[in-house]
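[1] Next comes the sequence, and after it the predicted model I'd like to discuss.
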Amino acid sequence: MALTYSGKLYRAINPVFAREPMSGRGAERYGGRFNPKGVPALYTSTSVLTALRESNQVGDLQPTTLVCYRAEIDMVFDASDTAALTAAGLNEASLADPTWRDQMIETGEAPTQRFARNLIAEGYNGLLVRSFAKGAGLGDMNLVLWKWSASGPSRLELIDDEDRLG
């Protein structure tokens, strides 16, 4: 069952890409756990701490630009709905599988990427899913967006009232 997410979202970005906090081009170029190569995506979190954990998963804390969005996103798949997840042929262990990159290299598309492709084809704008970053708990959530714009049904607005990102 689809849900609507309404609230703030956070993203910790490498400063090299900070001037384009709405692009999704990095994920499109390299692919991510929940987007195959060629599909733009914004990986956002529902809390600041989760966003920092997500962007700094290896080694020490690196320079990071933190951004915040106002969001009103319709058609979000809730990965905590175990019945819906099972119907899609997955479970939490398969979502958390740390070998997704290897699978992507070996077969061209990891199961989590295929899952995302199917959700997109079904009209979903995003996926609400638990964070699997080191130190994340059950309540640390990410919202992966595949469709977003300045207006509905997948409205995302960067909060930059002082135009700090130019």
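    The structure has been received and is ready for your questions.
[2] Please make it C-alpha for all contacts and neighbour counts, starting now.
    Fine.
[3] Any idea how many residues pack against the closest residue to Leu158 other than its chain neighbours?
    Distance criterion Cα to Cα, 6 or more residues apart in numbering; nearest residue to Leu158, sequence neighbours excluded, is Tyr69 at 4.4 Å. Number of residues near Tyr69 (other Cα atoms under 10 Å) recorded here: 19.
[4] Find me the pLDDT at Tyr69, would you?
    As summarised for this prediction, Tyr69 has a pLDDT of 98.
[5] ok, the helix or strand it falls within: who's next to it in the sheet?
    Element membership of Tyr69, judged by DSSP states H and E, is strand 65-78. Paired neighbours of strand 65-78 in the sheet (DSSP bridges): strand 2-13 (antiparallel), strand 126-130 (parallel), strand 154-158 (antiparallel).
[6] Pick the most deeply packed of those strands.
    Mean neighbour count (mean count of other Cα atoms under 10 Å) peaks for strand 126-130 among the strands paired with strand 65-78, with a mean of 24.
[7] Identify the residues contacting it?
    For strand 126-130, the surrounding residues in contact (Cα atoms under 8 Å, 6 or more residues apart in numbering) are 73, 75-80, 120, 138-147.
[8] same thing but 6 Å
    The contact list for strand 126-130 (Cα atoms under 6 Å, 6 or more residues apart in numbering) reads 76-79, 140-146.
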